[in-house]
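S.K.: Using only what follows, build the 3D model:
(chains A and B)
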Amino acid sequence: MEFVSPEGFRLDGRRPMEMRQIRAEIGAVANADGSVVFEMGNTKVIAAVYVQNRSQQINDQALVRCEYSMANFSTGDHMRKPKGDRQSTEISLVIRQTMEACIMTNLMPRSQIDIFVQVLQADGGTRSVCINAATLALADAGIPMCDLVTSCSAGYLNSTPLLYLNYVEDSAGGPDFTVGILPKLDKVTLLQTDAKLPIDMFENVMQLAIEGCKAVANYIREVLQENTKQLECRRGT
Amino acid sequence: MRGLQLSLNQTQKIRLQKALETLEYLSSKANSNASVTVADTIPVNYEDGVLKGHGTAENDGEVVATLCGVVERVNKLIYVRTLRARYKPEIGDIIVGRVIEVAPKRWRLEINFSQDAVLMLSSMNLPDGIQRRRTAVDELNMRSIFEENDVVCAEVRGFQHDGSLHLQARSEKYGKIERGQLLTVAPYLVKRRKQHFHHLEQYGIDLILGCNGFIWVGEHVEAKDDMIEDRVSKSEQQNAKSSKYSMSLEEQEKTYTPLETRQNICRTANAVRVLSSLGFSITVEVIIETVELSISLNLDIHEMLGAEFCVLVAEGEVERRRRLMKKKG
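M.R.: Numbering: from 1, shown residues only, chains lettered A, B, ... in the order given. So this is what the prediction gives:
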């Protein structure tokens, strides 16, 4: 199948290195400490963060928990049975580990941070969208973090590196890299793939994904800045 | 209580937008861009020396924010004041909380902090007002003072070694509060002031602005020293117990809140709801102004949560801040 047309367009009309459209809406869940609806292209995710007291275990740092789920209506394929809990458990774990790397858990002793993410609409790259949404929700909840983790994926199809694969491209079976970085500290916190990739192309694809992450980071930063400014000026002095 | 769902029509939408834009414009004059997001570098002058406060960290010799909020500088201290976050207690804060558990010698209160607060039996005045050691009998009678789900007003006494919070209620004005409404707003909307207890005489209600964002609107109760008077009346009550009929009447009268007061409570509560959904800071002056606006417009209580009133409050706030700016210079 041809994923990049001779004119250089992909199936959804993007250029190989073009980002998908991003949209974020902070404060989607009224009761949560922090919440967001995050969209990247046609993938849409809702994330909510709750902080609660956990007195049973005596510990000097916060416990981070994450629950990932996929709404039954999120995929086009309605008949598909839920893949069992395995995939969700794995993604929950991935998100938890990624977020734990940036949350300053030692500042919140004996509390528990619950992150809930649910995919409302799936069109490839749910993992990275979930991570981005979780970051935004945590920042909205006012949880201290050393940096904003952002994530983006990149693939390699038709001997072209492609930024952020959608569902059709994803199911083509080519390599799909999910990369999570701490943009300010310039560190990689997540790198996942499940297919083979020529070693000489690795550098290119990785670079592309990192560029994608940085673009996402800029957007998230803008959203947060806008939100903080709005809250502050409405409150007045 | 974020984001009241409003169905604005086109005109109202434009008016609200205009009002909010004006607010943005007015506040942008007042303070230069001090808002930061996570991982933003905070510009500092290293020659003066720097003390890093809450919400900051050091990275590669730079001071970096770890929270979203507004940078505050006090002499050498630099910290980030968060906006939308849980309540950060300070000693001496007046708070309103809800009892969630009666434990041995203590009550646990939910106060919108990341942990529960503790009110010890020994750190509150006994109802009879006598200063003495708390006995085992007192401990057994704890439920007669506060039960689960009671709303309590108290003061932050201090932090325990494990970071949890201690409260105290050593005055007549603290203690159980009844016959009213409890509202929860974002804690950043309530400013710390000298006065958190307000008696709105014209409406016959009490207003307690808890620093933790719990706001109490209730019928006015005279904070009286019931040390002497009450004991007399209590003995009288016991006498009256013999005749059941008079007792029930008396009790009815005691718990009866006049309709007008109840309406005033609802009106004030709705004013707080509108203000908090607009994200305006909640002070007693603004609340009274909002209530008066609704009365002068002859609005029913339920209409206060409608779109039109919301827009009017926003426009009123713009006017108020304009006036303040002019006064300042």
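S.K.: OK, now which residue of chain B is nearest to chain A?
M.R.: Among the residues of chain B, residue B:85 lies nearest to chain A; the distance is 2.6 Å by CB to the nearest CB. C-beta here means a position set from N, CA and C on the backbone, and glycine is covered the same way.
S.K.: surely that residue meets residue A:141?
M.R.: Yes: under the criterion of CB atoms under 8 Å, residue B:85 is in contact with residue A:141, at a separation of 6.9 Å.
S.K.: Mind listing the shared neighbours of these two?
M.R.: Common contact partners of residue B:85 and residue A:141 (CB atoms under 8 Å, 6 or more residues apart in numbering or on different chains): residue A:33.
S.K.: show me where pLDDT drops low in the chain?
M.R.: All of this is about chain A. In the prediction, chain A carries residues with pLDDT under 70 at positions A:55-58, A:78-84, A:237.
S.K.: To clarify, I was referring to chain B.
M.R.: Regions of chain B meeting the criterion pLDDT under 70 cover residues B:1-5, B:29-33, B:127, B:223-254, B:329.
S.K.: residue nearest the centroid of it?
M.R.: For chain B, residue B:210 is the residue whose C-alpha lies nearest the centre (CA atoms, centre = their mean; 2.6 Å).
S.K.: gap between the residue nearest to it when sequence neighbours are not counted and residue A:206?
M.R.: Beyond its immediate neighbours in the sequence, the residue positioned closest to residue B:210 (CB to CB, 6 or more residues apart in numbering or on different chains) is residue B:96, lying 3.6 Å away. With distances defined as CB to CB, to the nearest Å, the gap from residue B:96 to residue A:206 amounts to 53 Å.
S.K.: What parts of the stretch 151-300 of chain B come near chain A?
M.R.: Applying CB under 8 Å from any CB of the partner chain, we find that the stretch 151-300 of chain B lies next to chain A at B:162-163, B:188-189, B:278-281.
S.K.: Please enumerate the strands of chain A.
M.R.: Per DSSP state E, chain A carries strands over the ranges A:22-26, A:34-40, A:43-53, A:63-70, A:111-121, A:150-157, A:160-163, A:176-182, A:187-192.
S.K.: I'd say residue B:199 and residue B:218 touch.
M.R.: No: Residue B:199 is not in contact with residue B:218 according to CB under 8 Å; the separation is 10.9 Å.
S.K.: okay, those two: which has more neighbours?
M.R.: Counting neighbours by other CB atoms under 10 Å in any protein chain shown for residue B:199 and for residue B:218 shows that residue B:218 has the greater number, 21 against 13.
S.K.: What residues does the closest residue to chain B within chain A make contact with?
M.R.: Nearest residue of chain A to chain B: residue A:142, at 2.6 Å (CB to the nearest CB). Applying CB under 8 Å, 6+ apart to residue A:142 gives the contacts A:33-34, B:67-69, B:82-86.
S.K.: out of residue B:96 and residue A:206, which sits in the busier spot?
M.R.: When residue B:96 is set against residue A:206 and neighbours are counted by other CB under 10 Å, the residue ahead is residue B:96, at 25 against 18.
S.K.: isn't the more buried one right next to residue B:150, touching?
M.R.: No: look at residue B:96 against residue B:150 with CB under 8 Å: they stay out of range, at 11.2 Å.
S.K.: Pull out the buried positions in the longest helix seen in chain A.
M.R.: Longest helix in chain A by number of residues (criterion: DSSP state H): helix A:199-235. Neighbour-count burial for helix A:199-235 flags A:205-206, A:208-210, A:212-213, A:215-217, A:219-221, A:223-225, A:227-235 (criterion: 16 or more other CB atoms under 10 Å in any protein chain shown).
S.K.: can you give me the strands in the stretch 51-200 of chain B?
M.R.: Along the stretch 51-200 of chain B, the segments classed as strands by DSSP state E, counting those that start in this stretch run B:51-52, B:56-59, B:62-65, B:69-74, B:77-82, B:94-103, B:106-110, B:117-124, B:151-159, B:165-169, B:175-177, B:180-184, B:197-200.
S.K.: chain center to stretch A:146-164: distance?
M.R.: In terms of CA atoms, centre = their mean, to the nearest Å, the centre of stretch A:146-164 is found 11 Å from the chain centre.
S.K.: do stretch B:55-72 as well
M.R.: Relative to the centre of its chain, stretch B:55-72 is centred 29 Å away, using CA atoms, centre = their mean.
S.K.: And that stretch, what's buried?
M.R.: Applying a neighbour-count criterion of 16+ other CB under 10 Å, the buried positions in stretch B:55-72 are B:55-57, B:63-71.
S.K.: now swap in stretch A:49-63 and tell me
M.R.: So for stretch A:49-63, counting by 16+ other CB under 10 Å, buried means A:49-51, A:54, A:62-63.
S.K.: Of the residues you listed, which are in range of chain B?
M.R.: Of the residues in the buried residues of stretch A:49-63, proximity to chain B by CB under 8 Å from any CB holds for residue A:51.
S.K.: want to try TSV for the buried residues of stretch A:49-63, with distance to residue A:72 as columns?
M.R.: Conversion of the buried residues of stretch A:49-63 to TSV gives the following (distance: CB to CB, whole Å):
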residue	distance to residue A:72
A:49	23
A:50	23
A:51	29
A:54	31
A:62	32
A:63	29
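S.K.: Now the two most distant members of the buried residues of stretch A:49-63.
M.R.: A:49 and A:54 (14.9 Å; CB to CB).
S.K.: Show the contacting residues for residue A:59.
M.R.: When contacts are counted by CB under 8 Å, 6+ apart, residue A:59 is found next to A:109-110.
S.K.: whoops, I mixed them up, residue A:26
M.R.: A:35-36, A:136, A:140, A:223-224, A:227.
S.K.: how does it look with 7 Å?
M.R.: A:36, A:136, A:140, A:223, A:227 (CB atoms under 7 Å, 6 or more residues apart in numbering or on different chains).
S.K.: Residue B:111 contacts residue B:95, doesn't it?
M.R.: Yes: judged on CB atoms under 7 Å, residue B:111 makes contact with residue B:95 at a distance of 5.4 Å.
S.K.: and for those two, which residues touch both?
M.R.: Taking CB under 7 Å, 6+ apart as the contact rule, the neighbours common to residue B:111 and residue B:95 are residue B:212.
S.K.: distance of the nearest residue to residue A:142 once chain neighbours are set aside from residue B:54?
M.R.: What sits nearest to residue A:142 in space, not counting adjacent residues and going by CB to CB, 6+ apart, is residue B:85, at 2.6 Å. Here residue B:85 is placed at a distance of 11 Å from residue B:54 (CB to CB).
S.K.: Between the two, which is the more surrounded one?
M.R.: Neighbours were counted for residue B:85 and for residue B:54 using other CB under 10 Å; residue B:85 has more, 23 against 17.
S.K.: And the more buried one, how far from residue B:309?
M.R.: With the distance defined as CB to CB, residue B:85 ends up 29 Å from residue B:309.
S.K.: Also residue B:7?
M.R.: In this structure, residue B:7 and residue B:309 are separated by 13 Å, where distance is defined by CB to CB.
S.K.: Settle it for me: which of those two has more neighbours?
M.R.: More neighbours sit around residue B:309 than around the other of residue B:7 and residue B:309, counting by other CB under 10 Å; the figures are 20 against 8.
S.K.: circling back to that earlier point, filter the buried residues of stretch B:55-72 down to the ones close to chain A.
M.R.: Checked against chain A using CB under 7 Å from any CB of the partner chain, those yield the following neighbours: B:55, B:57, B:66-70.
S.K.: which residues sit in contact with residue 217?
M.R.: Since no chain was named, I'll use chain A. Taking CB under 7 Å, 6+ apart as the contact definition, residue A:217 lies against A:148, A:150, A:183.
S.K.: Hmm, no, I was thinking of chain B.
M.R.: Listed by CB under 7 Å, 6+ apart, the contact set of residue B:217 reads B:180-181, B:183, B:205, B:207, B:265, B:268-269.
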